[in-house]
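*Asks:* pasted the sequence and its predicted model underneath.
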Amino acid sequence: MYEQDPYFDLQGLSENYYNEDSLDTVYSVEAAIYKVILRPYQLKQIVDYVVSKGIHGSPNSFHLLIDLCKERGDYEEALKLCRFALSRIDSLILYTDIIEIGMHFENPIRYCGTHLGRVLRSDRTHWDLRLFWAVYTCFYMLLANKLIDGIDVEYYDNAKEAAIGMQKSFYGREDGYLAEARLLILVGRRDEARLRLEDLIFNPYDPKKDSSRDLRCPKCCRLWMTEFKDYSGDQQKVYQVVAKGFLESEDKEDIAFFNRQKDFLIQQLIRHGQGDEDDSMSSRNERRYSIDKYNNPNYFEKGRQQNG
């Protein structure tokens with residue numbers, strides 16, 4: 001989707017510039033990248049040189065240099081460099097960069113509004129997941145910052161469109177559903193968010209295409225646990241969400257979260273005499289609270305009758 005750079009030799013360039021103090025050797029953005037890697041204290045000087053000299057580079061090379069600025073927390077230099085790059089190259093990767101950079105300033109629209117408008121008018125079939133998230137997050141932040149004055153319909157609609165766009169463009173991923181649920185929670189539509197999450201967690205997410213497959217959604221499970229565990233009052237439902245999130249997590253933070261939840265539930269079961277001393281959710285509780293068991297509609301029907 002993004003323009004690809006031809007391969008260039010990191011080691012060779014590093015050796016060539018290792019002993020050079022002058023910026024005269026910075027004849028390309030790639031050379032500037034390695035100069036920054038070798039001498040990070042020269043970052044501002046190097047960026048100024050690239051901009052003032054009109055140094056050429058590909059979208060990906062500009063993106064890498066911008067990332068180096070962001071890694072060092074220098075968003076002023078990142079903004080300067082990204083604006084310069086966009087004045088020379090029309091590239092979605094750079095539009096994504098400037099939207100992300102803008103969110104680090106008090107008024108994002110002031111810094112990235114023009115470019116954000118161009119992105120919104122572009123063909124969304126060319127957007128990648130990172131661009132969708134950048135657009136969504138920008139409008140989510142703008143909406144959150146103005147909530148004291150009420151819901152800004154324009155910000156809400158743009159954030160929702162980005163969330164729905166992720167669902168359509170990245171079938172089989174939870175990102176768009178997670179974004180939609182967070183947005184609903186933000187504007188106070190908590191019941192709608194809860195039902196949306198529960199539909200994803202407990203049911204096949206597209207019966208016409210995947211009648212027997214659930215969406216892998218550990219982050220949606222985590223959001224449900226954070227926002228709605230206490231509201232639910234249904235312990236069996238909590239077990240299912242923890243089991244599903246635990247078995248599907250890949251991100252380190254998600255794994256740590258569900259490990260804590262798993263340990264808490266095991267202690268609860270032990271205190272109530274409902275489990276043995278084994279503390280392994282994947283061995284002891286996977287059988288009792290397996291995803292297959294909870295996906296059985298008769299199981300939940302029985303639970304609803306008991307709760308009723």
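*Replies:* Structure's in. What do you need? As the structure is a computational prediction, the values presented were derived from the model and not from experiment.

*Asks:* could you pull up the mean pLDDT of stretch 67-79?
*Replies:* What stretch 67-79 shows for mean pLDDT is 96.

*Asks:* an error on my part: the question was meant for stretch 126-134.
*Replies:* Averaged across stretch 126-134, pLDDT comes to 97.

*Asks:* which SSE is Phe228 in?
*Replies:* Element membership for Phe228, per DSSP states H and E: helix 218-232.

*Asks:* same for the next helix or strand after that helix, what does it pack against?
*Replies:* As assigned by DSSP H and E, the chain's next helix or strand after helix 218-232 is helix 235-248. If you count contacts as 3 or more Cβ pairs under 8 Å, 6 or more residues apart in numbering; DSSP states H and E, helix 235-248 packs onto helix 190-202, helix 218-232, helix 252-271, helix 291-294. No exception for glycine: its C-beta is placed from N, CA and C like everyone else's.

*Asks:* shaky segments in the chain?
*Replies:* Within the chain, the stretches with pLDDT under 70 are 1-21, 204-214, 231-233, 273-308.

*Asks:* geometric centre of it: which residue is closest?
*Replies:* Geometric centre of the chain, nearest residue: Trp133, 6.1 Å, by Cα atoms, centre = their mean.

*Asks:* in the helix or strand containing it, which residues are buried?
*Replies:* Following DSSP H and E, one finds Trp133 within helix 129-145. By neighbour count with 16 or more other Cβ atoms under 10 Å, helix 129-145 contains the buried residues 130-140, 142-143.

*Asks:* stretch 112-132 now?
*Replies:* Across stretch 112-132, burial judged by 16+ other Cβ under 10 Å covers Cys112, His115, Leu116, Val119, Trp127, Arg130, Leu131, Phe132.

*Asks:* just put those in CSV and tack on distance to Thr226.
*Replies:* Formatted as CSV, the buried residues of stretch 112-132 follow (distance: Cβ to Cβ, whole Å):
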residue, distance to Thr226
Cys112, 30
His115, 33
Leu116, 29
Val119, 31
Trp127, 28
Arg130, 24
Leu131, 27
Phe132, 23
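
*Asks:* show me which of these is closest to Gly188.
*Replies:* Within the buried residues of stretch 112-132, the smallest distance to Gly188 is 24.0 Å, found for Phe132 (Cβ to Cβ).

*Asks:* isn't that closest one up against Met166?
*Replies:* Yes. Judged on Cβ atoms under 8 Å, Phe132 makes contact with Met166 at a distance of 4.7 Å.
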